[in-house]
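Peer 1: everything below, folded, please.
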Amino acid sequence: MMIDTHAHLYDERLAPDVQEIADNMSTDDISQIIIIGCDRQSSESALALAEKFKDFYCSVGVHPHDAVHAKQDDYQYFESVANNNKLVAIGEIGLDYHYNFSPQAIQRRVLEQQIELAASLKLPIIIHLREAYDDMKAILFQNQHYLRHGLVLHCYSGSIEFARECLKLDSVYFSFGGSITFKNTDRESVVKSLPLDRLLLETDCPYMTPVPYRGKTNYPKYIKLVAQKLSEWLPNIDISELTSNNAHALFKRLNQNNNQVL
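Peer 2: Numbering: from 1, shown residues only. I've put the predicted structure just below:
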């Protein structure tokens, strides 16, 4: 059984199908799904879904696109729900210099604030990173004392060299999704360079739909296509078992399920 470590099931393209997604998880060989918050509203929606469905979990956080709108009240909300066993991480947080929907200086400040918040709550972080590798490296190493609970570089698209630098930090994981199936996307050498115990699966649904469904809405069930691609590159490895064990090692609360299903 696989774990989708990054999904946006509250998105309007997926929300009508959430019950069906939950009902079909066993058939789709999925044991758990982590729904990722990107701002206050989506974080609340992610938590509501996680509380409603037995095998859904969530993260809360402010995405770099929305960093300019981050408020202290948002952080207070994240702190107020931190003891919920369905909340497994702070994220997705990070830097995105491709779109720059928020000023870069504000992105950096909000990222550091949330890294510190995650440390105080003893939770791992989920990192979004695009075209900001130097600044991300500087921030992570300057704040490495706050990273004892681990982090994942979601939908990793960086170099082997950057990955090797990040591996000097404690408990760094690398998650791969549908983009590894795209033509002209050379991820094989990167994947093969990483320790097996640091690999995770994700869909990032409804985004990043893998081939042959690229251009259509992505669903958790397509995680099998990501796993198949990894299996081509890492033969004789049980990708489902490997990545699920890794997810449980990073997201400790996946090992608990004390919430009542509504």
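Peer 1: what's the following helix or strand after the longest strand along the chain?
Peer 2: In the chain, with assignment by DSSP state E, the single longest strand is strand 87-96. Using DSSP states H and E, the helix or strand that follows strand 87-96 in sequence is helix 104-121.
Peer 1: which positions within that next one qualify as buried?
Peer 2: For helix 104-121, a neighbour-count test (16 or more other Cβ atoms under 10 Å) marks Gln107, Arg108, Val110, Leu111, Gln113, Gln114, Ile115, Leu117, Ala118, Ala119, Leu121 as buried. From N, CA and C alone the C-beta is placed, and that goes for glycine too.
Peer 1: do stretch 234-249 as well
Peer 2: Buried, per 16+ other Cβ under 10 Å, within stretch 234-249: Leu234, Ile239, Ser240, Leu242, Thr243, Ser244, Asn246, Ala247, Ala249.
Peer 1: return the residue of the chain that is most distant from the centre.
Peer 2: Asn236 (25.9 Å; Cα atoms, centre = their mean).
Peer 1: helix, strand, or coil at the residue nearest the centre of the chain?
Peer 2: Per Cα atoms, centre = their mean, the C-alpha nearest to the average position across the chain is that of His6, at 4.2 Å. Following DSSP: H, G, I helix; E, B strand; the rest coil, His6 is assigned to strand.
Peer 1: save the buried residues of stretch 234-249 as CSV, and put in pLDDT too.
Peer 2: Shown next, in CSV, are the buried residues of stretch 234-249 (pLDDT from 0 to 100):
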residue, pLDDT
Leu234, 98
Ile239, 98
Ser240, 98
Leu242, 98
Thr243, 98
Ser244, 98
Asn246, 98
Ala247, 98
Ala249, 97
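Peer 1: tell me where the model's unsure across the stretch 151-262 of the chain.
Peer 2: 257-262 (pLDDT under 70).
Peer 1: show me where it has its strands.
Peer 2: Assigned by DSSP state E, counting those that start in this stretch, the strands in the stretch 151-262 of the chain fall at 151-153, 172-176, 199-201.
Peer 1: identify whichever of these lies nearest to Glu188.
Peer 2: With Cβ to Cβ as the measure, strand 172-176 is the member of those nearest Glu188 (10.7 Å).
Peer 1: shouldn't Leu123 be within a strand?
Peer 2: No: using three-state DSSP, the assignment for Leu123 is coil, not a strand.
Peer 1: what's around it, how many residues?
Peer 2: Counted with other Cβ atoms under 10 Å, residues neighbouring Leu123 total 24.
Peer 1: quick one: the nearest residue to Ile35 once chain neighbours are set aside from Leu87, how far?
Peer 2: The spatially closest residue to Ile35, leaving aside those adjacent along the chain, is Ala46, at 4.1 Å (Cβ to Cβ, 6 or more residues apart in numbering). Using Cβ to Cβ, to the nearest Å, one obtains 9 Å as the distance from Ala46 to Leu87.
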